[in-house]
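Trainee: how does the following fold in three dimensions:
(one chain, ligands or ions: 1)
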Amino acid sequence: RRYSKRIPPGSLGIPLIGQSLGFLRALHTNTAEKWLEDRIKKYGPVSKLSILGKPTVFIHGQAANKFVFHNNSSILANQQPESFAKILGDRNLLEVSAPDHKRIREALVSFLKPESLKQYVGKADEEIRKHIEIYWKGKQTVTVLPVMKILTFDIICSLLFASGKALRAQKLVKELVHEKRALLEKKGASPRQDLITSLVSMHDEDGKPVLIDKEIVQNVVLSLLGGYETSATVITFIIRQLANEPTVCAAVLQEQQEIAKSKASGESLTWEDLAKMKYTWRVVMETMRMFPPIFGGFRKALTDIEFDGYLIPKGWQILWVAPMTHMDNRIFPEPSKFNQSRFENQASIPPYSFIAFRGGSRMCPAYDFGRIEILITIHYLLTQYKWKLCGDNSFIRDPMPEPSQGLPIKVWPRDSHRFLLPSEK
Ligand code: HEM
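Mentor: This is a model prediction of the structure:
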């Protein structure tokens, strides 16, 4: 096919290096939005640049998000930096395309969908309480980000392997796959007890495994890596936001205390309790709007494609970014203001504008799992502790947003009888 269209304006910069350093520096100093806005002022809404040695077209806005997330997989492929594929292998969800993507994703989602996750709430509840006992109880200061990474790592391990032991990635997961299969064959394990067992137990109508071992191993490692820093970042920024917004904090506390009052001492939260945390979830969404853990990503044009009157040549990559719609004042008025009421009526949020979990067929499959761990953590932390920031309020992107000093806070126990031992009441 021949196009009369032109290649987008811009410059591919110095061969190989291109604009990578400028972009990475802007991410690191938390000025990436401004860096991109300056490009838009200079070149217009669609422009070319070179990132990580590859010619790239930067597009943004609702229509661009729709174009990237809903395009036919024979036209657009996922594109990760090469280092990613080297570490994770070529059969992980981020690398494969349809129909393999669909098959592997469905296998994962059958474990991550709400009906299966409901029974997991009690386990997450237990992990979070154990964590607070070790890392918060009796402490005067806590540095939030590192401890949240420990917490979300333990939680994701308990989801994947039904035990909180750390792993030496691929090798250990491979051993676990064999172990879980042997247990299943001896009927010593339930197929639903964790993600690995669930994937190992899946067979099609002909009795053939739905996923080969390599696919199980790589996608478990992907979930492990994809699943802990993201959630740790979200929880850290919520803790920061609650310290900065006393009125919001009081309203979240009130909602959580109502739920705490309905529970007996030591009783776990349930799926139904999480459904009552409506105000809290809006605060979580608004935090993710302002501080999306994943800034954006790349796709690759598998053929010459036209977008907004421009040609995107075959083989080029396309850069999509979340903050450009999250901070667009036509979509979210006064975007720099924290306002959880934007999410009161979810239907009023235009499609393809809130994309912290991305959208379309490659949207994060763990939305509900993230919701469980984030809400339970806020419940226990806020009903048991008060906190105040005691360090620098600024943050960088590396590439996920990170408070500059990891978010040190001063903590005090809240006077709550539910959490006191009988002798302490
Ligand atoms: C609040 C926490 C989370 C956020 C904001 C988040 C966000 C995202 C985003 C934006 C993507 C798309 C990435 C891309 O296209 O380049 C994604 C994909 C993915 N996420 Fe999450 N994620 C979170 C938690 C998790 C957790 C806990 C897990 C594992 C249990 C997980 C597993 C995955 C997987 C396997 C994919 C690839 C899906 C595919 O390509 O079909 N994520 N996530």
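
Trainee: tell me which residues of the worst-scoring helix or strand of the chain on mean pLDDT come out buried.
Mentor: Least confident helix or strand of the chain, by mean pLDDT, DSSP states H and E, is helix 82-88 with a mean of 73. Neighbour counts over helix 82-88 (16 or more other Cβ atoms under 10 Å) mark Ala85, Leu88 as buried. In this view, the C-beta of every residue, glycine as well, is placed from N, C-alpha and C.

Trainee: same question for stretch 271-284.
Mentor: Quick answer for stretch 271-284 (16+ other Cβ under 10 Å): Trp271, Asp273, Leu274, Lys276, Met277, Tyr279, Thr280, Trp281, Arg282, Val283, Val284.

Trainee: which residues touch the second one?
Mentor: Taking Cβ atoms under 8 Å, 6 or more residues apart in numbering as the definition of contact, the neighbours of Asp273 are Ile259, Ser262, Lys263, His379.

Trainee: next secondary structure element downstream of the strand or helix carrying Asp125?
Mentor: Asp125 is located in helix 121-135, with elements delineated by DSSP states H and E. Under the assignment DSSP H and E, the closest C-terminal helix or strand after helix 121-135 is strand 141-143.

Trainee: which ones among the contacts of Asp273 lie within helices?
Mentor: Ile259, His379 (DSSP state H).

Trainee: residues from the stretch 201-350 of the chain in reach of the ligand?
Mentor: Leu222, Ser223, Gly226, Gly227, Thr230, Ser231, Val234, Pro293, Ile294, Gly297 (Cβ under 6 Å from any ligand atom).

Trainee: if we go to 8 Å?
Mentor: 219, 222-224, 226-228, 230-231, 233-234, 288, 292-294, 297-298, 322 (Cβ under 8 Å from any ligand atom).

Trainee: with adjacent residues omitted, what lies nearest to Asp398?
Mentor: Counting by Cβ to Cβ, 6 or more residues apart in numbering, the nearest residue to Asp398 once its immediate chain neighbours are dropped is His28, at 6.5 Å.

Trainee: quick check: the one you found touching Ile396?
Mentor: Yes - if you go by Cβ atoms under 8 Å, His28 and Ile396 touch, sitting 5.4 Å apart.

Trainee: find the closest residue to the ligand in the stretch 51-200 of the chain.
Mentor: Leu93 (4.0 Å; Cβ to the nearest ligand atom).

Trainee: ok so, going back, how about residues contacting the least confident helix or strand of the chain?
Mentor: Leu94, Glu95, Gln218, Val221, Leu222, Leu225.

Trainee: go on, stretch 100-114?
Mentor: Contacts for stretch 100-114 (Cβ under 8 Å, 6+ apart): 73, 91, 93, 96, 116, 192, 195, 198-199, 202, 210-211, 215, 219, 223, 271, 361-362, 365-366, 368-369.

Trainee: any residue of that stretch touching the ligand?
Mentor: Yes - for stretch 100-114, a contact with the ligand is found by Cβ under 8 Å from any ligand atom, at His101, Arg105, Leu108, Leu112.

Trainee: doesn't the third one lie inside a helix?
Mentor: Yes - using DSSP: H, G, I helix; E, B strand; the rest coil, the assignment for Leu108 is a helix.

Trainee: and it, how many residues sit next to it?
Mentor: Residues near Leu108, counting by other Cβ atoms under 10 Å, number 22.

Trainee: and if you look at Tyr367?
Mentor: 12.

Trainee: correct me, but it touches Ala356?
Mentor: No - at 9.6 Å, Tyr367 and Ala356 do not qualify as touching, with contact defined as Cβ under 8 Å.

Trainee: still on that earlier bit, dump the buried residues of stretch 271-284 into a markdown table; add pLDDT as well.
Mentor: What follows is the buried residues of stretch 271-284, written out as a markdown table (pLDDT from 0 to 100):
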| residue | pLDDT |
| --- | --- |
| Trp271 | 96 |
| Asp273 | 98 |
| Leu274 | 98 |
| Lys276 | 98 |
| Met277 | 98 |
| Tyr279 | 98 |
| Thr280 | 98 |
| Trp281 | 98 |
| Arg282 | 98 |
| Val283 | 98 |
| Val284 | 98 |
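
Trainee: contacts for stretch 402-418?
Mentor: 136, 139-146, 233, 236-237, 239-240, 243, 260, 263, 265, 382-396, 425.

Trainee: in this protein, which helix is the longest?
Mentor: helix 213-244.

Trainee: now it: how far from the chain's centre is it?
Mentor: 6 Å (Cα atoms, centre = their mean, to the nearest Å).

Trainee: try stretch 331-347
Mentor: Per Cα atoms, centre = their mean, the centroid offset for stretch 331-347 relative to its chain is 20 Å.

Trainee: with just CA atoms, put it into PDB.
Mentor: C-alpha atoms of stretch 331-347 as PDB (Å, rounded to 0.1, in the frame of the first residue of the first chain):
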ATOM      1  CA  ILE A 331     -11.200  15.500  30.600                       C
ATOM      2  CA  PHE A 332     -10.300  16.100  34.300                       C
ATOM      3  CA  PRO A 333     -10.900  19.800  35.200                       C
ATOM      4  CA  GLU A 334      -8.300  21.300  37.400                       C
ATOM      5  CA  PRO A 335      -6.100  18.200  37.000                       C
ATOM      6  CA  SER A 336      -3.500  19.100  39.600                       C
ATOM      7  CA  LYS A 337      -6.100  19.200  42.300                       C
ATOM      8  CA  PHE A 338      -6.800  16.000  44.200                       C
ATOM      9  CA  ASN A 339     -10.500  15.400  43.900                       C
ATOM     10  CA  GLN A 340     -11.800  11.900  44.500                       C
ATOM     11  CA  SER A 341     -15.300  12.900  43.600                       C
ATOM     12  CA  ARG A 342     -14.300  12.700  39.900                       C
ATOM     13  CA  PHE A 343     -14.800   9.000  40.300                       C
ATOM     14  CA  GLU A 344     -18.300   9.200  41.900                       C
ATOM     15  CA  ASN A 345     -19.900   8.400  38.600                       C
ATOM     16  CA  GLN A 346     -17.600   6.100  36.700                       C
ATOM     17  CA  ALA A 347     -19.800   6.400  33.600                       C
END
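
Trainee: sort out which residues of it are buried, please.
Mentor: Neighbour-count burial for stretch 331-347 [16+ other Cβ under 10 Å]: Ile331, Phe332, Pro335, Asn339, Gln340, Arg342, Phe343.

Trainee: okay, now the unreliable bits of the protein?
Mentor: In the predicted model, the chain carries pLDDT under 70 at residues 1-4, 15-16, 83, 162-170, 416-425.

Trainee: done for today, thanks.
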